[in-house]
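1. below is the sequence, then the predicted model.
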Amino acid sequence: MRWALIGASRIASSYVIDAIRTQDGAEIQSVLSSNADRGAAFASENAIPESFTDLDAQLADETVDAVYISTTNEKHHPQAMAAIAAGKHVLCEKPLAMTLADAVEMVEAARDKGVVFATNHHLRNAGSHLAMHDLIASGRIGDVLSARVFHAVNLPEHLRGWRINDASAGGGVIPDIVVHDADTIRFHLSEDPVDVVAKAGTSGLGEGVEDSVMSVWSMPSGAMVQTHESFTHAFAGTGIEFHGTEGSIFARNVMTQQPVGDIKLVTADGETAVPFENHNLYHRALGLFTNAVRGTGRASADGVDGIKSLAVAHAVREAAKTGGTVRVDYGGF
Ligand code: NDP
């Protein structure tokens, strides 16, 4: 399978190029950058044969089967639409788009064209989350009453660009992290939030966009979800908890790109540590995407998952702005 990278990004160079190359027979043919020098340097540093500044020229390569889109968020929609029109399978970064309508258009276009479209939500690929998913699905904690997500981090210095100061590029902690938490909660509970309340603000980094948010979501089952996302918390650590009628799951340091963390299960029988696999999250995501292209199975998070995580993030932002309860609009999905 031959890939083209749309975007000379850090996530590509840090994680996804390696994950693509781990797949049998996978090759990366080209990279697109808006800047010719940066594109050429990125191609050379990552042993990619070609770099382009023109998307149509890049997509005209008929030997390319799939694209990975990891530009800033406002570019995902036009680039995905062009790639789909060219018949390429698409792995797109989150958030899929700036608006729900754009995300829906991307997913429907891919469906109509018969290409695979997936969203790069990495967390549901983590061994820790797969283990928690199994515990919940097998009824070990009974009916889930509530969940808490702790995803307040210290945004590393090298990421303090468009994320903290450019609303037009999709900056802000809500499009950046709430989408991941929405996907993770949907994955674990197998249901979609109905409505949300939220408070957002700045606490030291955000310039024209929020850098911190807390929200509460109602689930169709009656479960309640509480989340905290931030760019400014150096010492908080991440985690997730699920509390059910028969037990509780406490996981720490699991809202991360690394295969790390600790999980504890507490039931009437006492407290036990939960073991989990420590495979690379992105390797697994790329493996499932590759299988989906080959017609065996589905991507770990598909296009509809990307629409739904974006829908929840939009509801959280709207709720923070209005101070009211906002019903999540899934755009008909
Ligand atoms: P980067 O800031 O590294 O890259 C985004 C764009 O910025 C690139 O496409 C590039 O444009 C431009 N750029 C990169 N370096 C420079 C530079 N030195 N000077 C000027 N412009 C530069 O973004 P991230 O890798 O952090 O994020 C990219 C996308 O991936 C986002 O949508 C984000 O939400 C998502 N993401 C997903 C993660 C996940 O685990 N799923 C984790 C991190 C990010 P050009 O291509 O035109 O050269």
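-> Happy to help now that I have it.
2. give me every residue in the stretch 151-300 of the chain lying close to the ligand.
-> Residues of the stretch 151-300 of the chain that fall close to the ligand, judged by Cβ under 6 Å from any ligand atom: 159, 161, 176, 257. The way it works is simple: take the backbone N, C-alpha and C, and place the C-beta from them, glycine included.
3. check contacts around Asp305.
-> 119, 121, 183, 186 (Cβ atoms under 8 Å, 6 or more residues apart in numbering).
4. tell me which of those residues fall in helices.
-> The subset of these located in helices under the criterion DSSP state H comprises 183, 186.
5. need the residues of the stretch 151-300 of the chain next to the ligand in CSV (columns: neighbour count and pLDDT).
-> As requested, these are exported to CSV (neighbours: other Cβ atoms under 10 Å; pLDDT from 0 to 100):
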residue, neighbour count, pLDDT
Leu159, 13, 95
Gly161, 13, 97
Asp176, 22, 98
Gln257, 14, 98
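6. which residue is nearest the centroid of this structure?
-> Nearest to the mean C-alpha position of the chain, counting by Cα atoms, centre = their mean, stands His121 at 2.9 Å.
7. list the contacts for it?
-> The contact partners of His121, by Cβ under 8 Å, 6+ apart, come to 94, 179-180, 183-184, 300-301, 305-306, 309.
8. which residue ranges of the stretch 101-250 of the chain form strands?
-> 117-119, 144-152, 195-201, 212-218, 224-230, 239-244, 247-252 (DSSP state E, counting those that start in this stretch).
9. dump the fourth one to CSV, keeping only the CA atoms.
-> The C-alpha coordinates for strand 212-218 follow below in CSV (Å, rounded to 0.1, in the frame of the first residue of the first chain):
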residue,chain,number,x,y,z
SER,A,212,-9.2,24.9,29.9
VAL,A,213,-12.7,23.4,30.1
MET,A,214,-14.8,21.3,32.4
SER,A,215,-18.1,19.7,31.3
VAL,A,216,-20.8,17.3,32.3
TRP,A,217,-22.5,15.0,29.8
SER,A,218,-25.7,13.0,30.1
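10. contacts for that strand, please.
-> Under the criterion Cβ under 8 Å, 6+ apart, external residues in contact with strand 212-218 comprise 152, 173-174, 178, 185, 193-203, 206, 224-232, 312, 316, 319-320.
11. each with direction, which strands does it pair with?
-> Strand pairing for strand 212-218, determined by DSSP bridges: strand 195-201 (antiparallel), strand 224-230 (antiparallel).
12. so how many other residues sit close to Asn154?
-> When neighbours are counted by other Cβ atoms under 10 Å, Asn154 registers 13.
13. that one touches Phe231, doesn't it?
-> Yes: the pair Asn154 / Phe231 is scored as a contact, 7.4 Å apart, by Cβ atoms under 8 Å.
14. so who does Arg111 touch?
-> Arg111 makes contact with 117, 303 under the criterion Cβ under 8 Å, 6+ apart.
15. for the remainder of this discussion, apply numbering that starts at 26.
-> Understood, numbering begins at 26; the last thing we discussed is Arg136.
16. from the ligand, how far out is the residue of the chain most remote from its centre?
-> Relative to the centre of the chain, and counting by Cα atoms, centre = their mean, the farthest-placed residue is Asp294 at 35.5 Å. Using Cβ to the nearest ligand atom, to the nearest Å, one obtains 36 Å as the distance from Asp294 to the ligand.
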